[in-house]
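A.B. asks: this one's structure only:
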């Protein structure tokens, strides 16, 4: 499987949304080399909903950061829609992050003191879209995540679940090829977590490709495919035969007081 | 990214953080204001010190008669009797580097006013004497050319004389008797204090020199001629001109020694020059210290405020901002803050120097130089330290910027 030639790689890359071959990532912590990824092979086609699982330190977050072009691999190939990401300049990577990838973080990473709509508009400010279209698209994205009535709220006026939904709207606003979410429910209680998963399932039904990282099997149960990481390698990669429906699960969870 | 968007991003960021924007601006306001105020006050101080030195009369020349000798015994400068009114007139008319001339004659005597008396010298002088000595009449008026021609019995008195002869009274208009000659007081001189030798300069009576010559000393020669050069620099030229003129008038042969002495105030001039040099150095050091302190203040607040925004830079990069988008945003922010802060700082500095000049009672000068210096320096520092940490953050991988603590 290793050391494929470029032609072969291109051929396989073209068929897939994401094509990853023998990916390595090595950090230098002081003088100690830490091998976060030790040869990962992975591919995704359009419309998939993948959950990446693993204990902390298994390399799943490092993998996500490389997928989202927030970080770069030490070795190996990463093709996104047939583009060899490794060969891009910093500016070209920024364009990829802007146009092709939507990233949702565990800690939301919203701009503070900035209204929901301005947070959602942020990716569009780095394009040449007109101000009217920018606003329309931000409102549309916020409607999609069910926050159409809170566009002028500031992050500190929103609950954790609502903040995460603003972050999801921000990830969606540029119509990306893929939405990546790193522990999107890590900071949320169980009911809010399921609400967020409900949104993800809805988006996936609309055809958006999703990859989420989680260490909770419950959350992974909402995805169509489950990939398990351990010690920087993929240990298992299987289809979820028993996908849970978040809108059904939510009915079984009692409502907890709003505002955590 | 369009230009409008760059501005939207920068202005939104400034607006979101009013406190931070204000503090950043405050650094620049204080920096610019301090330099402008310090320089304005310093220049005011330099000006008023120079004024005071000039008031001592640094361009004054004193012409004394030579020393007389009797049977080989020489008696010291000023003892000869060969300076005349005509000499004084000739100096005034023929020496181009001479501005004012006042013949001086002297007479001492007991002065009586009512039941009080006092002993002091009466100085006979020309109309321009007060101009040469840079002395003002506090109250009343100076005598004029007509009084000089007519040997009028009028006089001006100094503060000390007034205090001793007319305690608690208005001396102007009163009459005093000098050697039994009645003189009308027409003016009171402004207080001058001690001279460099510790003599009380206010213990003086001024009268037209003709009056003193004719009515008091009854002696036709002048004791001195007091001359002022057109400027401090013209002193050597004036000395040469006067020397040549007097030798010619006194019909001296080339091998004869001068029968007069011309004294200038070299010490005073040197002191004046040194003082103004010291003040210039002092001013330069005040300005540079203010600049450095202001600059460090701006640097600190810029470094801190931009560094704490590393995570914000990470967020922006993660949604697709390119390095140059980040840099432009921070450049515009730094530019806007520096410009507004700089302009407020100029007004702040101007106001501060006005207030301080009110307390210190000397004038302040706000020069274009100090504005350009402080404004330019502060803006450069503000922009550099607003830009440099932003550049550092924009060079990071987005994930490292996001994780920055």
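C.D. replies: Thanks, I have it. In this text, all values refer to a predicted model and were calculated from it rather than measured experimentally. Residues are numbered from 1 along each chain as shown, chains lettered A, B, ... in the order given.
A.B. asks: that's a helix at residue B:296, yeah?
C.D. replies: Yes: assessed by DSSP: H, G, I helix; E, B strand; the rest coil, residue B:296 belongs to a helix.
A.B. asks: Tell me how far it lies from residue B:302.
C.D. replies: Per C-beta to C-beta, to the nearest Å, residue B:296 is found 11 Å from residue B:302. C-beta coordinates here come from the backbone N, C-alpha and C atoms, glycine included.
A.B. asks: Looking at those two, which is more packed in?
C.D. replies: Here residue B:296 and residue B:302 are compared on neighbour count by other C-beta atoms under 10 Å in any protein chain shown; more neighbours surround residue B:302, at 28 against 13.
A.B. asks: Thought residue B:379 was touching that one, still the case?
C.D. replies: No: under the criterion of C-beta atoms under 8 Å, residue B:302 is not in contact with residue B:379, lying 11.5 Å apart.
A.B. asks: Are stretch B:7-17 and chain A in contact anywhere?
C.D. replies: Yes: legend: contact between stretch B:7-17 and chain A by C-beta under 8 Å from any C-beta of the partner chain is shown at B:8, B:9, B:12, B:16, B:17.
A.B. asks: which of those are buried?
C.D. replies: B:8, B:9, B:12, B:16, B:17 (16 or more other C-beta atoms under 10 Å in any protein chain shown).
A.B. asks: out of those residues, who's nearest chain A?
C.D. replies: residue B:16 (4.4 Å; C-beta to the nearest C-beta).
A.B. asks: what's that closest one in contact with, if anything?
C.D. replies: Residues in contact with residue B:16 (C-beta atoms under 8 Å, 6 or more residues apart in numbering or on different chains) are A:111, A:112, A:113, A:114.
A.B. asks: now those residues: which count as buried?
C.D. replies: A:111, A:114.
A.B. asks: Looking at the contacts of residue B:16, which is nearest residue A:100?
C.D. replies: Minimum distance to residue A:100 across the contacts of residue B:16 is 21.9 Å, recorded for residue A:111 (C-beta to C-beta).
A.B. asks: Does the closest one touch residue A:118 like I think?
C.D. replies: Yes: look at residue A:111 against residue A:118 with C-beta under 8 Å: they come within range, at 7.4 Å.
A.B. asks: Next, residue B:289: secondary structure please.
C.D. replies: Residue B:289 ends up helix, using three-state DSSP.
A.B. asks: which element is residue B:177 on?
C.D. replies: Applying DSSP states H and E as the criterion places residue B:177 in strand B:175-178.
A.B. asks: mind listing what's buried in that strand?
C.D. replies: Neighbour-count burial for strand B:175-178 flags B:176, B:178 (criterion: 16+ other C-beta under 10 Å).
A.B. asks: With stretch B:207-226 instead?
C.D. replies: Here stretch B:207-226 shows B:207-213, B:215-217, B:222-226 as buried, counting by 16+ other C-beta under 10 Å.
A.B. asks: returning to that earlier point: now the buried ones among the residues of stretch B:7-17 next to chain A in JSON lines, with secondary structure?
C.D. replies: Listed next are those as JSON lines, based on three-state DSSP:
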{"residue": "B:8", "secondary structure": "helix"}
{"residue": "B:9", "secondary structure": "helix"}
{"residue": "B:12", "secondary structure": "helix"}
{"residue": "B:16", "secondary structure": "helix"}
{"residue": "B:17", "secondary structure": "coil"}
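A.B. asks: Need these in a markdown table (columns: pLDDT).
C.D. replies: Formatted as a markdown table, these follow (pLDDT from 0 to 100):
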| residue | pLDDT |
| --- | --- |
| B:8 | 85 |
| B:9 | 85 |
| B:12 | 86 |
| B:16 | 84 |
| B:17 | 82 |
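A.B. asks: quick revisit: which secondary structure elements does the strand holding residue B:177 contact?
C.D. replies: If contacts are counted by 3 or more C-beta pairs under 8 Å, 6 or more residues apart in numbering or on different chains; DSSP states H and E, strand B:175-178 sits against strand B:98-113, strand B:154-157, strand B:181-189.
A.B. asks: Pick the most deeply packed of those.
C.D. replies: Highest mean neighbour count of the helices and strands packed on strand B:175-178: strand B:154-157, a mean of 27 (counted as mean count of other C-beta atoms under 10 Å in any protein chain shown).
A.B. asks: Need the residues that contact it.
C.D. replies: Against strand B:154-157 from outside (C-beta under 8 Å, 6+ apart): B:122, B:137, B:140, B:142-143, B:147, B:165, B:171, B:176, B:178, B:183-189, B:204-208, B:211.
A.B. asks: Tell me the residue of chain B that sits nearest chain A?
C.D. replies: residue B:320 (2.2 Å).
A.B. asks: Could you report the distance from that residue to residue A:207?
C.D. replies: Residue B:320 sits 22 Å away from residue A:207, going by C-beta to C-beta.
A.B. asks: So which helix or strand of chain A has the lowest pLDDT on average?
C.D. replies: None of the helices or strands of chain A scores lower by mean pLDDT, DSSP states H and E than helix A:6-15, at a mean of 70.
A.B. asks: so does the helix or strand following that helix get close to chain B?
C.D. replies: Of the helices and strands lying after helix A:6-15 in sequence (DSSP H and E), the nearest is strand A:18-29. No: on the criterion C-beta under 8 Å from any C-beta, strand A:18-29 is out of touch with chain B, staying 10.9 Å away.
A.B. asks: Before I go, just wanted to say thanks for your time.
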